[in-house]
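Chemist: please find the sequence and the predicted model below.
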Amino acid sequence: MPIITQSSSAAVVIDDAKCIAEKGCRVCVDVCPLDILAIDEVRQKAYMKYDECWYCMPCEVDCPTNAVKVNIPYLLR
Amino acid sequence: MAASAHRIEIIETDILVIGGGTGGPMAAIKAKEADPSLRVMVMEKANVKRSGAISMGMDGLNNAVVPGYATPEQYVKEITVANDGIVNQAAVMAYARGSFPMIQYLDKLGVKFEKDGSGEYNMRKVHHLGTYVLPMPEGHNVKKVLYRQLRRLQVAVTNRYMATRLLKGPDGRIAGAIGVNTRTSEFLVVKAKSVVLACGAAGRLGLPASGYLFGTYENPANCGDGYAMAYHAGAQLANLECYQINPLIKDYNGPSCAYVTGPFGGYTANNRGERFIECDYWSGQMMLEFWRELQSGNGPVFLKMDHLREETIAEIETILHTNERPSRGRFHDRRGTDYRHRPVEMHISEIGFCSGHSASGVWVDEHARTTVPGLYAVGDMAGVPHNYMLGAFVNGGIAGADAAAYCASNPLASYDQGDIDAETARVLAPTLRTDGLTPHEMEFKTRRLVNDYLDPPKVTAKMKLGQRRFAEIREDLDLLVARDPHELHRALEMQSILDCADMAAAASLYRTESRWGFYHLRVDHPETDDVNWNCHTVLFKDDRGRMAHAKREVDPYIVPVAAEDMSAYHQLRIKTPEAAE
């Protein structure tokens, strides 16, 4: 069976203006227990890549520039 | 890509700890403290800095055995009664004796516990009989403290490697493990004299009512890998039919948390604001009363706090919204749930395995040894009932020290290269396809069927039908596709979840009685049958690769429990509900 792609809203939101991934920061990506964050290679900013969030918040708490906001995923909000 | 084309790195250590959450780090720490010359390695699927059940810390100890409040003997008796008599008291006693020394050790390392004006631990009562709860309003730094100690003792850490199978020698001793990198799919074979499994609960078994796969009570990384690996290595798993089912914040699916609010005067209430259970401590019998209240039309069930004083509520908010699951506050805000005015709506969680809260785990003795020589299990996945976070630390420490001693007299075992070839082929199979079924949809279907067929009240005909559906999903594994390393890691987790679903069904069918309140409520066998089933059940893979079962006698109690005391947890429903204030 061919595979299709469906979209969903991202619970974890990164403020590009504050994110310093271009300086090599990987804190949020490193601490996520589910490994759902990644760096956009073109923009050099962090983003939520997989809809697999436990809303646990290390990414937000450990971010050195307060660029990360964890929202409760819509299905259980 | 063919399996042989993938790089396989091989390294050697003395002790390999699989899982860097709670019990795992403590096993590594205590092994190093026992013998600093040992090579100790932690293999972690995420990053030890923030992995496992306590990634954001913990708001309290639920089972602290503190002198002046309880003795180890009293604690062993409480847990024996709370778990309907089916306990290995020697293992519970080993925990109870290690409880206070571990609190003092964690205190010394910098973990903060609540103390009164004179510096004594500020103990609170939540259990039915004794006093075992110690709040940790500033417990958010537990993981940092553990990490610092791992570094200090020079424990080797490999992050983002997911162990997939254990390796054994020809004599049956443990020989190490094989893991795969979750970001590159490269393999790592670790040859070890001893292995400590510390992979957490099987918390991604049932599907949350929200339908969100990762909206679980447990950290969803704790998906049952440890249970599956222990099973495939031939270890015995005990009392898996004693599911974990928790009373949680509806939809958010996290703790509300009655252990924190109870000592302040909060309590579980029905839709009339009335208490209906005498004790909010999580037991199968408490869950049964909770379920009955929902069934009766008196639901929803709430955690009620609006009768408390402002200062008390503010203190509760500070604890609950900064520790363990701090996004609780965010969830309540959006729904306009303020503890001052509106109670917290609760519900019954999906099922899982967890000995940290109930009693479903890998069989271990008082040294945390499994039935496979050289293999240990600790924490939520180890069968020491109601063990919680402090139990993970204590039994982790016990395993680490015992494994260090084991290494002194046992050389490395050799494994069969054929086992490595078979495992790399199994792991990589989903990467060889471009069309087929995705890990998410196969996981969703497995977990949805777990809800449909395995949830209590357990019905024999339904569970047998569930087994047939799981077998069909197993056939579908030939269609499972993983398009990148991240998807492969989910594909492997999905296979652990399917293994756990099969184990949950088989274990529940084997015990033909009802026990542990709601956890093992069998409609076809509604009575507790102490003549035939006052025993552990163990599940294991037999010599021909089939799922097999056996009864295991409960060892004679080291702390006797009088027959009239044994039913203390059976009378949790309040006889005449109090009028609402």
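Modeler: It's in. Numbers count the residues shown, from 1 in each chain, chains lettered A, B, ... in the order given.
Chemist: name the nearest residue to B:M442, ignoring sequence neighbours.
Modeler: Once flanking residues are discounted, B:M442 sits nearest to B:M494: 5.3 Å by CB to CB, 6 or more residues apart in numbering or on different chains. All C-beta spots, glycine's among them, are computed from the backbone N, C-alpha and C.
Chemist: the one you found contacts B:L437, correct?
Modeler: No: with contact defined as CB atoms under 8 Å, B:M494 does not reach B:L437; the gap is 9.8 Å.
Chemist: list the contacts of residue 12.
Modeler: Looking at chain A here, since you left the chain open. A:36-37, A:48, A:53, A:59-60, A:68-71 (CB atoms under 8 Å, 6 or more residues apart in numbering or on different chains).
Chemist: oops, chain B please
Modeler: Contacts of B:E12 (CB under 8 Å, 6+ apart): B:39, B:190-192, B:412.
Chemist: residue boundaries of the strands in the stretch 151-300 of chain B?
Modeler: B:156-158, B:161-168, B:174-181, B:187-197, B:237-238, B:247-249, B:267-269 (DSSP state E, counting those that start in this stretch).
Chemist: can you pick the most crowded of the contacts of B:E12?
Modeler: Neighbour counts for the contacts of B:E12 (other CB atoms under 10 Å in any protein chain shown) peak at B:A192, which has 29 neighbours.
Chemist: grab the nearest non-local neighbour of that one.
Modeler: Using CB to CB, 6+ apart, the nearest residue to B:A192 is B:L16, at 3.8 Å.
Chemist: what angle separates the helix or strand harbouring the one you found from strand B:187-197?
Modeler: Under the criterion of DSSP states H and E, B:L16 resides in strand B:8-18. Angle of strand B:8-18 versus strand B:187-197, following axes from the mean of the first three to the mean of the last three CA atoms, to 10 degrees, is 20 degrees.
Chemist: what's the following helix or strand after strand B:8-18?
Modeler: Using DSSP H and E, the helix or strand that directly follows strand B:8-18 along the chain is helix B:23-34.
Chemist: one step back: check which helices and strands the host helix or strand of the residue nearest to B:M442 is in contact with.
Modeler: Assigned by DSSP H and E, B:M494 belongs to helix B:485-510. Packing partners of helix B:485-510 (3 or more CB pairs under 8 Å, 6 or more residues apart in numbering or on different chains; DSSP states H and E): strand B:161-168, strand B:174-181, helix B:225-232, helix B:417-428, helix B:439-454, helix B:460-476, strand B:535-541, strand B:547-553.
Chemist: list the buried ones in stretch B:550-561?
Modeler: B:559, B:561 (16 or more other CB atoms under 10 Å in any protein chain shown).
Chemist: got the CA positions of it in CSV?
Modeler: Only the C-alpha atoms of stretch B:550-561 are listed here, as CSV (Å, rounded to 0.1, in the frame of the first residue of the first chain):
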residue,chain,number,x,y,z
ALA,B,550,3.3,-21.4,35.8
LYS,B,551,2.2,-20.9,39.3
ARG,B,552,4.8,-19.8,41.8
GLU,B,553,4.3,-20.2,45.5
VAL,B,554,4.2,-17.2,47.7
ASP,B,555,7.2,-17.6,50.0
PRO,B,556,6.3,-17.9,53.7
TYR,B,557,5.8,-14.4,55.1
ILE,B,558,8.6,-12.9,57.1
VAL,B,559,6.1,-10.4,58.5
PRO,B,560,3.0,-12.3,59.5
VAL,B,561,-0.4,-10.8,58.6
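Chemist: what's next to it, contact-wise?
Modeler: Residues outside stretch B:550-561 that contact it (CB under 8 Å, 6+ apart) are B:73, B:76-77, B:80-81, B:85-90, B:93, B:236, B:238, B:363, B:533-538, B:540.
Chemist: what subset of the contacts of A:V12 is buried?
Modeler: Among the contacts of A:V12, those classed as buried by 16+ other CB under 10 Å are A:36-37, A:48, A:53, A:59-60, A:68, A:70-71.
Chemist: restrict these to those near chain B?
Modeler: Among the buried ones among the contacts of A:V12, the residues that sit close to chain B (CB under 8 Å from any CB of the partner chain) are A:53, A:70-71.
Chemist: can you lay out those as TSV showing pLDDT and secondary structure?
Modeler: Shown next, in TSV, are these (pLDDT from 0 to 100; DSSP: H, G, I helix; E, B strand; the rest coil):
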residue	pLDDT	secondary structure
A:C53	97	coil
A:V70	97	strand
A:N71	97	coil
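Chemist: out of those residues, who's nearest B:G68?
Modeler: For those, the closest approach to B:G68 (CB to CB) belongs to A:V70, at 40.8 Å.
Chemist: the closest one pairs with what?
Modeler: Per DSSP bridges, the residues bridged to A:V70 are A:V12.
Chemist: on that earlier part again, got a list of what the residue nearest to B:M442 touches?
Modeler: B:439, B:442-443, B:446, B:480.
Chemist: gap between B:D35 and B:T268?
Modeler: Distance, B:D35 to B:T268, by CB to CB, to the nearest Å: 47 Å.
Chemist: who's more crowded, those two?
Modeler: B:T268 (25 against 17).
Chemist: report how many residues lie close to B:L521.
Modeler: 18.
Chemist: quick check: it touching B:Q285?
Modeler: No: look at B:L521 against B:Q285 with CB under 8 Å: they stay out of range, at 10.3 Å.
Chemist: Provide a list of residues in contact with whichever residue of the stretch 351-500 of chain B sits closest to chain A.
Modeler: Nearest to chain A in the stretch 351-500 of chain B, going by CB to the nearest CB, is B:D435, at a distance of 5.6 Å. By CB under 8 Å, 6+ apart, B:D435 lies in contact with A:1-3, B:481.
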